[in-house]
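Fold the following for me, if possible:
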Amino acid sequence: MLVGTETSDDAGVYRLRPDLAIVNTVDFFTPIVDDPYIFGQIAAANSLSDVYAMGGEPKTCMNIVCFPKGKMDIEILGEILRGGADKVKESGAVVIGGHSIIDEEIKYGMAVTGIIHPDKIFRNVGVQEGDALILTKPLGTGIISTALKKGKASKESVDTAVQSMITLNAAASKVARKFPVHACSDVTGYGILGHALEMASGSSVTLVIESAKLPLLHRAPRLAEKGYITGGCKRNRDYLQDKITIDKSIREGLVEDAIDPQTSGGLLIAVAKRHAAKLVEELHSAGAKYATEFGYATPLQKPWVRLI
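Numbering: from 1, shown residues only. Next comes the predicted model:
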């Protein structure tokens, strides 16, 4: 075993031979949009993301389904599975099976297996002092999804959020593999601050996040200030309160975006400062138009993460 539970990495990695290892991950959740096909796409992209975050290539996927028998049209499930299958096909992997159970609520996701060279694994530890931090997707999916459920999110905000969530991290991961990346993770349920905390504590550095440089979804800060935040956001804030510092001058909506749990979020990449501009340039060329350098690593001085 090369990567297991000893750290907070995105997936497990097991060596098969000197030049080949497998990457294993699993994820599933309840719908965050009304359209079942789009939900299937989002759930698949989210499940595949952990393999990309490790620097691997997904190869096989198995569906995980919870569905309320007799309470919903079975065609809804068909559309969810079709969305997932189409996204897997886009990734170059294949769906080889899965498992379903009867449940009170729809849940969907995948167990994904990928491959990687044992010497080229991205970990979420290893950040070095002076490294630049880069994020490849905008923040705010949890906020937009919450506002959508209340009928308060604009079509532009929803469309932008959906496009971000269904976009695979494949291209961003491929670009990152061309650079000497020191650490990488995908930003999901813990928000950018929570995943930065994992990275900082595992690397014994302090990460400084410049709030004004964070890429954000359309109107996400304003919606957050109107109270459209998730329960996960509140739990993240409670967990982080004694582990990070937040500059009191920062607009509250920006703070909520930094804490907001993400679905199918972007890659958080730590790389030497001298490579940062070129990496961002190539990410933009590969289609990651929101890719932004937004912070840096300093010598350890607790708390682990500072939002300025």
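
ok, M1 to G266 distance?
Counting by C-beta to C-beta, to the nearest Å, the separation of M1 from G266 is 28 Å. Every C-beta, even on glycine, is put in place using the N, C-alpha and C of the backbone.

again with L193
L193 is 14 Å from G266, by C-beta to C-beta.

And for C233?
Distance of C233 to G266, computed by C-beta to C-beta: 18 Å.

quick one, which of those two is more surrounded?
G266 (28 against 21; other C-beta atoms under 10 Å).

residues contacting the more buried one?
Residues near G266 by C-beta atoms under 8 Å, 6 or more residues apart in numbering: 135-138, 164, 169, 172, 186-187, 288, 290-291.

ok, which stretches of this protein are helices?
36-53, 74-91, 141-149, 155-166, 170-176, 191-203, 220-225, 231-240, 252-259, 273-285 (DSSP state H).

deepest of those helices, which one?
helix 36-53 (a mean of 27; mean count of other C-beta atoms under 10 Å).

Output the contacting helices and strands for it.
In terms of contacts (3 or more C-beta pairs under 8 Å, 6 or more residues apart in numbering; DSSP states H and E), helix 36-53 is packed against strand 20-29, strand 57-67, helix 74-91, strand 107-116, helix 155-166, helix 170-176, strand 183-186.

which stretch among these comes nearest V280?
For V280, the closest of the helices and strands packed on helix 36-53 is helix 170-176, at 9.7 Å, according to C-beta to C-beta.

Contacts for the closest one, please.
So helix 170-176 is contacted by 48, 52-53, 55, 91, 122, 136, 184, 266-267, 269, 279, 282-283, 286-288, 291 (C-beta under 8 Å, 6+ apart).

Could you do stretch 84-103 as well?
Outside stretch 84-103, the residues that reach it (C-beta under 8 Å, 6+ apart) are 40-41, 43-45, 48, 57-69, 108, 110, 112, 114, 166, 168, 170.

tell me the domain ranges of the chain?
As recorded under automatic domain parsing, the domains making up the chain are 12-116, 132-307.

Format those as a markdown table; extra columns: mean pLDDT and distance to G126.
Output for those, formatted as a markdown table (pLDDT from 0 to 100; distance: least, C-beta to C-beta, whole Å):
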| stretch | mean pLDDT | distance to G126 |
| --- | --- | --- |
| domain 12-116 | 97 | 12 |
| domain 132-307 | 96 | 5 |
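
can you list these in CSV and add distance to T5?
Shown next, in CSV, are the domains of the chain (distance: least, C-beta to C-beta, whole Å):
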stretch, distance to T5
domain 12-116, 8
domain 132-307, 13
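
which ones are touching Y14?
Per C-beta under 8 Å, 6+ apart, neighbours of Y14: 1-2, 21-22, 24.

could you redo the last one with a cut-off of 6 Å?
Applying C-beta atoms under 6 Å, 6 or more residues apart in numbering to Y14 gives the contacts 1, 22.

So it versus I121, what's the distance?
On the measure of C-beta to C-beta, Y14 and I121 end up 11 Å apart.

cool, and C184?
10 Å.

out of these two, which sits in the more crowded spot?
When C184 is set against I121 and neighbours are counted by other C-beta under 10 Å, the residue ahead is C184, at 29 against 18.

what's the closest non-adjacent residue to the more buried one?
Leaving out its chain neighbours, the residue that sits closest to C184 by C-beta to C-beta, 6 or more residues apart in numbering is F122, at 3.8 Å.

neighbours around the one you found, how many?
26.

you'd agree it is up against M54?
Yes - because the distance of 5.3 Å satisfies C-beta atoms under 6 Å, F122 is recorded as touching M54.

what's stretch 138-157 in contact with?
Contacts for stretch 138-157 (C-beta under 6 Å, 6+ apart): 32, 158, 161, 164-165, 192, 215-220, 223-224, 228, 230, 257, 260-263, 290.
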